[in-house]
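A.B. asks: mind looking at a prediction? Sequence and model below.
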Amino acid sequence: MIRTIKLPFYAKLAFILVSLISFAFIFCIGKDIITPVLLAFLFAVLLLPIFTFLHTRFKFPRHLAAACCILIFALFIIGILAFISYQVSDIANDFDTIKKNANSFITDIHKFINEKFHVSIGEQKKYLDNVTKDSVQNGKATIGTAILSITDLLLDCTIIPIYTFLFLLYKDHFVLFLAKLVDKEDHSTLKNILSQIKVSINNYILSLIFEMIVVSVLTSLGLWIIGVKYFVLLGLITGILNMIPYIGILIAGIITVMASLTGTPETSIILGILIVNIIVQFIDNNILVPLIINSKVEINAFVSIMGIIIGGAAAGISGMFLAIPLLAILKIIFERIESLEPWGYLMGNHMPKRFTWRIRKLKIEN
């Protein structure tokens, strides 16, 4: 698609690294603006089939078709949040029971530490009091940070649907812009790239939703077997938070342990919760992710983990969520540009059975 100029390897490597560093720097300094745009782009690609169906089949005007897509998406999110809120209100009614069982559980932990590590209960409480005092001293800064985070979340919840609506509305406008950037003889390659990006993002998001459903069902079933109250709600929360790499399942585990205190403070129940989470994560990481996620985006585990870590460092949870689809887009582009094709192969998950160096032997003339 892009005519390449023959340059030495070190020059090409320098240009590629400078370009990547420049993009990363721009993303870091403008993450508050770029992140909502990228999330809206992913949602727009996901809603594109519905938009096309309404616009072509039912002859909806573009504005109305885009508005209907946003409304359907919003109703889906609101439905999930309404169910969670309804269940959480029931848990709130059991707050006194949770408090009582939590105190009983903490007392058992104090006794266990005293018996196994010979640290008196008084020394443990003294240490906790010191930690609490430090937390109170830093409380103002923490509250300020929390307020800013909530404000940013509310702003994103408002602006992302608007961006998604505009992406759907101006879809052809953006495509024409890209077509104007390349020569006409390269339009077929550009069309192929855009088509592959759409398919890859759709497959990734739909696979992520399917993974969320499977994890929710498995967790709910496991919690029901060990007798945890509100097992459906806790399974759903685990499935949703599981979409956040690394920290999501940890937060879900803490919430599940706290909710389990509505029934009993027994250590066996908490141990059962940990076992259920470990089993579900084993199934998710070794069966669901390789079979559902990696097979769709075709990115190897090393690049995925690196991308998620870098995305989290650059833009927090949103960056971790965006890492995989952005890597998939880069891989598709790299594979279709001759000079960048090796980098696309590096990001892929193709494993050669064996590799043999093909070295031409020079004939020595006598």
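C.D. replies: That came through, no problem.

A.B. asks: now stretch 332-346: mean pLDDT?
C.D. replies: Looking at stretch 332-346 alone, the average pLDDT works out to 85.

A.B. asks: what does that stretch contact?
C.D. replies: Stretch 332-346 is contacted by residues 1-2, 4, 12, 16, 189, 192-193, 196-197, 200, 303, 330-331, 347-348 when judged by CB atoms under 8 Å, 6 or more residues apart in numbering. Every residue, glycine included, has its C-beta placed from N, CA and C.

A.B. asks: Gly235 - how many residues pack around it?
C.D. replies: Using other CB atoms under 10 Å, Gly235 is surrounded by 25 other residues.

A.B. asks: disregarding flanking residues, what is the spatial nearest neighbour of it?
C.D. replies: Spatial nearest neighbour of Gly235, chain neighbours left out: Ser220 (2.9 Å); criterion: CB to CB, 6 or more residues apart in numbering.

A.B. asks: rewinding a little: of the contacts of stretch 332-346, buried ones?
C.D. replies: Met1, Ile193, Gln196, Ile197, Ser200, Val303, Leu330, Lys331, Met347, Gly348 (16 or more other CB atoms under 10 Å).

A.B. asks: from the contacts of stretch 332-346, which two are the most distant?
C.D. replies: The largest separation in these, counting by CB to CB, is between Lys12 and Ser200 at 25.9 Å.

A.B. asks: and the gap between Ala301 and Thr107?
C.D. replies: Distance, Ala301 to Thr107, using CB to CB, to the nearest Å: 43 Å.

A.B. asks: before we move on, what about Asn349?
C.D. replies: To Thr107, Asn349 is 50 Å away according to CB to CB.

A.B. asks: which one's more surrounded, the two?
C.D. replies: Asn349 (16 against 12).

A.B. asks: and the more buried one, what does it touch?
C.D. replies: With CB under 8 Å, 6+ apart, Asn349 has these contacts: Asn294, Glu298, Ile299, Asn300, Ala301.

A.B. asks: please flag which of those sit within helices.
C.D. replies: Ala301 (DSSP state H).

A.B. asks: host element of the residue nearest the centre of the chain?
C.D. replies: In the chain, the C-alpha nearest the mean C-alpha coordinate belongs to Phe321, at 2.7 Å (CA atoms, centre = their mean). In this assignment (DSSP states H and E), Phe321 forms part of helix 301-335.

A.B. asks: in that helix, which residues are buried?
C.D. replies: For helix 301-335, by 16+ other CB under 10 Å, it's 303-304, 307-308, 310-312, 314-316, 318-335.

A.B. asks: I'd like the next helix or strand past that helix.
C.D. replies: Note on helix 301-335: by DSSP H and E, the next helix or strand toward the C-terminus is helix 341-347.

A.B. asks: distance between the helix or strand harbouring Ile237 and the chain's centre?
C.D. replies: Per DSSP H and E: Ile237 is located in helix 231-241. From the chain centre to the centre of helix 231-241 is a distance of 16 Å (CA atoms, centre = their mean, to the nearest Å).

A.B. asks: convert the C-alpha atoms of it to PDB, please.
C.D. replies: What follows is helix 231-241, C-alpha atoms only, in PDB (Å, rounded to 0.1, in the frame of the first residue of the first chain):
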ATOM      1  CA  PHE A 231     -24.400 -16.300  44.000                       C
ATOM      2  CA  VAL A 232     -26.000 -15.000  40.800                       C
ATOM      3  CA  LEU A 233     -25.000 -11.400  41.500                       C
ATOM      4  CA  LEU A 234     -21.500 -12.300  42.600                       C
ATOM      5  CA  GLY A 235     -21.000 -14.500  39.500                       C
ATOM      6  CA  LEU A 236     -22.100 -11.700  37.300                       C
ATOM      7  CA  ILE A 237     -19.800  -9.200  39.000                       C
ATOM      8  CA  THR A 238     -16.900 -11.700  38.700                       C
ATOM      9  CA  GLY A 239     -17.600 -12.100  35.000                       C
ATOM     10  CA  ILE A 240     -17.700  -8.300  34.400                       C
ATOM     11  CA  LEU A 241     -14.600  -7.600  36.400                       C
END
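
A.B. asks: elements contacting that helix?
C.D. replies: helix 62-93, helix 187-226, helix 247-260 (3 or more CB pairs under 8 Å, 6 or more residues apart in numbering; DSSP states H and E).

A.B. asks: among the ones you listed, which is nearest Leu48?
C.D. replies: Of the helices and strands packed on helix 231-241, nearest to Leu48 by CB to CB is helix 187-226, at 6.8 Å.

A.B. asks: can you tell me how far the closest residue to Ser304 other than its chain neighbours sits from Met306?
C.D. replies: In space, Ser304 comes closest to Ile324 once its chain neighbours are excluded; the distance is 6.2 Å by CB to CB, 6+ apart. When distance is defined by CB to CB, Ile324 is 11 Å away from Met306.

A.B. asks: ok, Gly312 next?
C.D. replies: From Gly312 to Met306 the distance is 11 Å (CB to CB).

A.B. asks: before we move on, the earlier item: the helices and strands packed on helix 231-241: which one's closest to Tyr163?
C.D. replies: helix 62-93 (10.4 Å).
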